[in-house]
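Chemist: Sequence first, predicted model second:
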Amino acid sequence: MKLIVNGQAREVDVEDDMPLLWVLRDELGVTGVKYGCGIAQCGACTVHVDGQAVRSCQMSAGSLEDGAEVTTIEGLGTPEALNVVQEAWIEHQVAQCGYCQSGQIMQAAALLEMNDAPTDAEIDAAMSGNLCRCGTYPRIRAAVKSAATKLQEA
Ligand code: FES
(Lines give C-alpha, C1' and ligand atoms only; values in the text may rest on other atoms or scores of the structure.)
Protein backbone atom coordinates (compact mmCIF):
# COMPACT_ATOMS: atom_id res chain seq x y z
CA MET A 1 0.00 0.00 0.00
CA LYS A 2 0.99 3.61 -0.50
CA LEU A 3 1.15 6.08 2.36
CA ILE A 4 2.29 9.66 2.64
CA VAL A 5 4.42 9.64 5.78
CA ASN A 6 5.61 13.00 7.01
CA GLY A 7 5.13 14.42 3.53
CA GLN A 8 7.01 11.65 1.73
CA ALA A 9 5.44 8.97 -0.47
CA ARG A 10 6.22 5.54 0.99
CA GLU A 11 5.22 2.05 -0.08
CA VAL A 12 4.85 -0.88 2.27
CA ASP A 13 3.98 -4.51 1.73
CA VAL A 14 2.46 -5.68 5.02
CA GLU A 15 -0.35 -7.88 6.30
CA ASP A 16 -3.68 -6.07 6.71
CA ASP A 17 -3.71 -6.75 10.44
CA MET A 18 -0.32 -5.18 11.13
CA PRO A 19 -0.82 -2.16 13.40
CA LEU A 20 0.17 1.19 11.92
CA LEU A 21 2.58 1.53 14.85
CA TRP A 22 4.64 -1.41 13.54
CA VAL A 23 4.37 -0.19 9.96
CA LEU A 24 5.92 3.08 11.08
CA ARG A 25 8.52 1.74 13.49
CA ASP A 26 9.55 -1.59 11.96
CA GLU A 27 8.86 -1.16 8.26
CA LEU A 28 9.67 2.52 7.80
CA GLY A 29 12.09 3.24 10.68
CA VAL A 30 9.99 6.08 12.05
CA THR A 31 10.69 5.58 15.73
CA GLY A 32 9.50 8.83 17.30
CA VAL A 33 6.16 7.10 17.80
CA LYS A 34 6.24 4.87 20.89
CA TYR A 35 4.71 1.58 21.97
CA GLY A 36 3.09 2.02 25.37
CA CYS A 37 0.21 -0.26 26.31
CA GLY A 38 -0.72 -1.79 22.96
CA ILE A 39 -4.44 -1.49 23.70
CA ALA A 40 -5.10 2.18 22.88
CA GLN A 41 -5.29 3.16 26.54
CA CYS A 42 -2.19 5.30 27.06
CA GLY A 43 -1.66 7.49 23.97
CA ALA A 44 2.11 7.00 23.60
CA CYS A 45 1.52 5.79 20.02
CA THR A 46 -0.53 8.83 18.93
CA VAL A 47 0.00 10.00 15.36
CA HIS A 48 -2.14 11.91 12.88
CA VAL A 49 -3.92 10.15 10.04
CA ASP A 50 -5.40 12.62 7.57
CA GLY A 51 -5.20 15.26 10.30
CA GLN A 52 -6.91 13.27 13.05
CA ALA A 53 -5.12 12.06 16.18
CA VAL A 54 -5.28 8.25 16.26
CA ARG A 55 -3.83 5.45 18.37
CA SER A 56 -1.50 3.74 15.94
CA CYS A 57 -1.21 0.55 18.03
CA GLN A 58 -4.86 -0.26 17.37
CA MET A 59 -5.17 1.01 13.79
CA SER A 60 -4.56 -1.79 11.32
CA ALA A 61 -2.76 -1.18 8.06
CA GLY A 62 -5.77 -2.63 6.26
CA SER A 63 -8.06 0.02 7.72
CA LEU A 64 -6.05 2.84 6.14
CA GLU A 65 -7.07 4.36 2.84
CA ASP A 66 -4.46 3.93 0.13
CA GLY A 67 -2.53 7.20 0.07
CA ALA A 68 -3.48 8.16 3.62
CA GLU A 69 -1.43 10.99 5.10
CA VAL A 70 0.34 9.96 8.28
CA THR A 71 2.18 12.49 10.42
CA THR A 72 4.40 11.60 13.36
CA ILE A 73 6.42 13.77 15.72
CA GLU A 74 9.23 13.75 13.13
CA GLY A 75 6.93 15.43 10.60
CA LEU A 76 5.31 17.98 12.88
CA GLY A 77 8.29 20.31 12.73
CA THR A 78 12.02 20.14 12.14
CA PRO A 79 14.87 21.05 14.51
CA GLU A 80 15.33 24.19 12.39
CA ALA A 81 11.64 25.04 12.25
CA LEU A 82 9.83 23.62 15.25
CA ASN A 83 6.06 23.43 15.35
CA VAL A 84 4.55 25.90 17.84
CA VAL A 85 3.57 23.00 20.11
CA GLN A 86 7.13 21.66 20.15
CA GLU A 87 8.41 25.16 20.98
CA ALA A 88 5.97 25.43 23.88
CA TRP A 89 7.04 22.00 25.17
CA ILE A 90 10.65 23.21 25.30
CA GLU A 91 9.68 26.56 26.80
CA HIS A 92 7.84 24.80 29.63
CA GLN A 93 10.37 21.95 29.93
CA VAL A 94 7.44 19.53 29.88
CA ALA A 95 9.23 16.23 29.44
CA GLN A 96 10.46 14.19 32.36
CA CYS A 97 11.41 10.66 31.24
CA GLY A 98 9.96 11.68 27.87
CA TYR A 99 8.46 8.35 26.84
CA CYS A 100 4.88 9.61 26.50
CA GLN A 101 5.75 13.00 25.11
CA SER A 102 5.66 12.49 21.35
CA GLY A 103 2.13 11.17 21.78
CA GLN A 104 1.24 14.07 24.06
CA ILE A 105 2.52 16.59 21.51
CA MET A 106 0.67 14.94 18.62
CA GLN A 107 -2.55 14.91 20.64
CA ALA A 108 -2.09 18.58 21.61
CA ALA A 109 -1.34 19.57 18.02
CA ALA A 110 -4.55 17.89 16.84
CA LEU A 111 -6.53 19.72 19.53
CA LEU A 112 -5.05 23.10 18.57
CA GLU A 113 -5.71 22.43 14.90
CA MET A 114 -9.42 22.27 15.74
CA ASN A 115 -9.52 24.81 18.58
CA ASP A 116 -6.81 27.43 19.06
CA ALA A 117 -8.37 28.81 22.24
CA PRO A 118 -9.15 25.78 24.39
CA THR A 119 -10.31 26.21 27.97
CA ASP A 120 -8.64 24.26 30.77
CA ALA A 121 -11.57 21.84 30.70
CA GLU A 122 -11.25 21.39 26.93
CA ILE A 123 -7.50 20.78 27.26
CA ASP A 124 -8.04 18.24 30.03
CA ALA A 125 -10.78 16.49 28.03
CA ALA A 126 -8.69 16.36 24.85
CA MET A 127 -5.59 15.14 26.67
CA SER A 128 -7.32 12.75 29.09
CA GLY A 129 -6.46 9.67 27.02
CA ASN A 130 -2.75 10.44 27.05
CA LEU A 131 -1.21 9.08 30.21
CA CYS A 132 2.05 10.28 31.77
CA ARG A 133 3.54 8.09 34.48
CA CYS A 134 5.82 11.00 35.45
CA GLY A 135 2.84 13.27 36.14
CA THR A 136 3.75 16.11 33.80
CA TYR A 137 0.09 17.08 33.40
CA PRO A 138 0.38 20.65 34.83
CA ARG A 139 3.24 21.44 32.43
CA ILE A 140 1.36 19.87 29.53
CA ARG A 141 -1.62 22.12 30.21
CA ALA A 142 0.63 25.20 30.51
CA ALA A 143 2.39 24.37 27.26
CA VAL A 144 -0.88 23.84 25.39
CA LYS A 145 -2.12 27.23 26.62
CA SER A 146 1.17 28.86 25.64
CA ALA A 147 1.00 27.33 22.15
CA ALA A 148 -2.63 28.45 21.83
CA THR A 149 -1.65 32.02 22.70
CA LYS A 150 1.08 32.00 20.06
CA LEU A 151 -1.35 30.64 17.46
CA GLN A 152 -3.85 33.36 18.26
CA GLU A 153 -1.15 36.04 17.94
CA ALA A 154 0.13 34.66 14.62
FE1 FES B 1 7.63 10.15 31.64
FE2 FES B 1 5.39 11.18 30.57
S3 FES B 1 7.35 12.18 30.83
S4 FES B 1 5.76 9.11 31.10
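Modeler: Everything's here; your move. Residues are numbered from 1 along each chain as shown.
Chemist: L82 against A88, yeah?
Modeler: No. Applying CB atoms under 8 Å as the test, L82 and A88 come out as separate, 9.3 Å apart. All C-beta atoms are positioned from the backbone trio N, CA, C, and that covers glycine.
Chemist: who has more neighbours, the two?
Modeler: Set L82 next to A88 and count neighbours by other CB atoms under 10 Å: A88 wins out with 26 against 14.
Chemist: Tell me the confidence at that one?
Modeler: Listed pLDDT for A88 reads 98.
Chemist: That one: helix or strand, and which one exactly?
Modeler: For A88, the enclosing helix or strand under DSSP states H and E is helix 84-91.
Chemist: what packs against that helix?
Modeler: On a contact count with 3 or more CB pairs under 8 Å, 6 or more residues apart in numbering; DSSP states H and E, helix 84-91 meets helix 101-114, helix 137-153.
Chemist: Figure out which of these is closest to the ligand.
Modeler: helix 101-114 (5.6 Å; CB to the nearest ligand atom).
Chemist: Show me which residues of the protein are close to the ligand?
Modeler: For the chain, the residues in contact with the ligand (CB under 6 Å from any ligand atom) are A95, Q96, C97, G98, Y99, C100, Q101, C132, R133, C134, T136.
Chemist: Need the max-distance pair from the residues you listed.
Modeler: Farthest pair in those (CB to CB) is A95 and R133. Separation: 12.3 Å.
Chemist: Settle it for me: which of the two has more neighbours?
Modeler: A95 (19 against 11).
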